[in-house]
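# coords please:
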Amino acid sequence: MNFPIRRAGRVAFAFAAALAASTMLAPVHAQDARITLAQADLQKRADQLLKGITAGGGKVKYAGVEKGDGKDGLVITGLEITGPDNKTVTIERVEVRDYDWDNSEQPTHLDVRIRKLVVPPASLDKEVSELGVTSLTINADFAYALDDGKKTFEISGIVIDVVELGELKLSLKLAGIASGDLKGVLGGNSGNDAATKLLAQLTIVGATISFKDKSLTQRLIAADAKKKGISEADAKKKMLEDLAEQKKQAQDDATKEVLDLAVKFLNAPGVIELAANPAAPANVMAAFMAVMGSPGTLKEMLGLTIAVK
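As a prediction, the model looks like this:
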């Protein structure tokens, strides 16, 4: 029951990952050469950071750029981004707190905050509009670091807060990966072989993901009721009956536990959290194989816990 969060999250995540395109800033008329140089450097970094959108056929403009906190800090304000589909979003403020400027196309570390990314009615997906949402306001934080020496990739925090629907949080630590591995997967002629090799050596050290409901569950129930021409109470009752039937057909305790938690969350939406704390780093490829087999095996392998609060 979180597809609108995924859709909204894609807007924020795609922006943070590629972050958009050429600047439309007016020239800065500074009081002295030192300030002019500093502003020119900031604008150059903004251009460096925001080049992905126009490369993909989109357009971007923004109102201003200024120095942020720390040596790598940058603040961009008043952004308006239009995609190739002519759908537009606006962003009040982007704060770059840390960034690998020497490798901007494939940064080994970044820490970016997005504030008030607004998706207007005309740019909403149909599925989101059907939830009775007239616009979306998204605040997001992204922070990760790739350590070639330790061969670890750590997402210290991804937060996507869709104000009207709910908040998604993610942290993740992987081992057995270096920047050279990513280059082999993302480029070159050995894409599939490189990806298979990476999965074989990649391990999960730990992970947490949580979703805090604000109105999404109730909106999904209301939308389902409207679609079927029944009351919201009957729509919710039918969902609960479907979950009960799935539990009867479940072949293992792990699946039954998940279904019980789904019932609990549907009856009292709050926060649902999944955590992976394997006793030892768990191989990613083996985890994929476990998904196809027994959920119980996957739960044991990753030390999975799921809770509804």
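# only C-alpha atoms from now on, for both contacts and neighbour counts.
OK.
# the stretch 151-300 of the chain: strands as residue ranges?
Using DSSP state E, counting those that start in this stretch, the strands assigned to the stretch 151-300 of the chain run over residues 152-162, 166-175, 203-213, 271-276, 282-283.
# how about a markdown table for the ones you listed, with distance to Thr82, mean pLDDT and mean neighbour count added?
Converted to a markdown table, those look like this (distance: least, C-alpha to C-alpha, whole Å; pLDDT from 0 to 100; neighbours: other C-alpha atoms under 10 Å):
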| stretch | distance to Thr82 | mean pLDDT | mean neighbour count |
| --- | --- | --- | --- |
| strand 152-162 | 20 | 95 | 21 |
| strand 166-175 | 25 | 96 | 20 |
| strand 203-213 | 29 | 96 | 20 |
| strand 271-276 | 34 | 96 | 18 |
| strand 282-283 | 40 | 93 | 21 |
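# I'd like these as a markdown table, with distance to Trp101 appended.
Below are the strands of the stretch 151-300 of the chain laid out as a markdown table (distance: least, C-alpha to C-alpha, whole Å):
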| stretch | distance to Trp101 |
| --- | --- |
| strand 152-162 | 18 |
| strand 166-175 | 23 |
| strand 203-213 | 27 |
| strand 271-276 | 32 |
| strand 282-283 | 32 |
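# looking at those, which is nearest to Asn103?
In terms of C-alpha to C-alpha, the element of the strands of the stretch 151-300 of the chain nearest to Asn103 is strand 152-162, at 16.0 Å.
# from Ala244, how far off is the nearest residue to Leu266 once chain neighbours are set aside?
Nearest residue to Leu266 in three dimensions, chain neighbours excluded: Thr217, at 7.1 Å (C-alpha to C-alpha, 6 or more residues apart in numbering). Going from Thr217 to Ala244 by C-alpha to C-alpha, to the nearest Å gives 18 Å.
# again, but for Ala286
30 Å.
# also Ile230?
Using C-alpha to C-alpha, Ile230 is found at 20 Å from Ala244.
# more crowded one of those two?
Ala244 (16 against 12; other C-alpha atoms under 10 Å).
# what segments of the stretch 201-309 of the chain are helices?
Secondary structure of the stretch 201-309 of the chain by DSSP state H, counting those that start in this stretch: the helices cover 216-228, 232-249, 253-267, 284-292, 295-302.
# skipping its backbone neighbours, what lies nearest Ile81 in space?
In space, and not counting its chain neighbours, Ile81 is closest to Val60: 4.5 Å by C-alpha to C-alpha, 6+ apart.
# what lies in contact with stretch 163-171?
Residues from elsewhere that reach stretch 163-171 (C-alpha atoms under 8 Å, 6 or more residues apart in numbering): 5, 133, 136-139, 154-161, 207-216.
# okay, now the residue nearest to Leu266: neighbour count?
Other residues close to Thr217 by other C-alpha under 10 Å number 22.
# and what of Asn86?
Neighbour count for Asn86, taken as other C-alpha under 10 Å: 13.
# ok, Ala250 touching Leu259?
No. With contact defined as C-alpha atoms under 8 Å, Ala250 does not reach Leu259; the gap is 9.1 Å.
# compare these two (neighbour count), which wins?
Leu259 (19 against 14).
# against Asp234, how distant is the more buried one?
20 Å.
# quick one: Ile177 and Lys151 touch, right?
Yes. Assessed by C-alpha under 8 Å, Ile177 is found in contact with Lys151 at 4.9 Å.
# and those two? Which one has more around it.
Higher neighbour count among Ile177 and Lys151: Ile177, with 21 against 15, using other C-alpha under 10 Å.
# what does Gly149 show for phi and psi?
phi -70, psi -50 (degrees, to the nearest 10).
# list the buried residues for stretch 121-133?
121, 123-124, 128-131 (16 or more other C-alpha atoms under 10 Å).
# ok, stretch 71-87 next?
Across stretch 71-87, burial judged by 16+ other C-alpha under 10 Å covers 72-77, 79-83, 87.
# if I look at Thr305, how far off is Ala122?
Counting by C-alpha to C-alpha, the gap from Thr305 to Ala122 is 40 Å.
# do Val163 as well
Plainly put, Val163 is 18 Å away from Ala122 if you go by C-alpha to C-alpha.
# same check, this time on Ile209
Distance of Ile209 to Ala122, given as C-alpha to C-alpha: 31 Å.
# and the gap between the residue nearest to Leu266 and Lys247?
Separation of Thr217 from Lys247 (C-alpha to C-alpha): 20 Å.
# now swap in Gly229 and tell me
Distance, Gly229 to Lys247, by C-alpha to C-alpha: 27 Å.
# great, nothing more from me.
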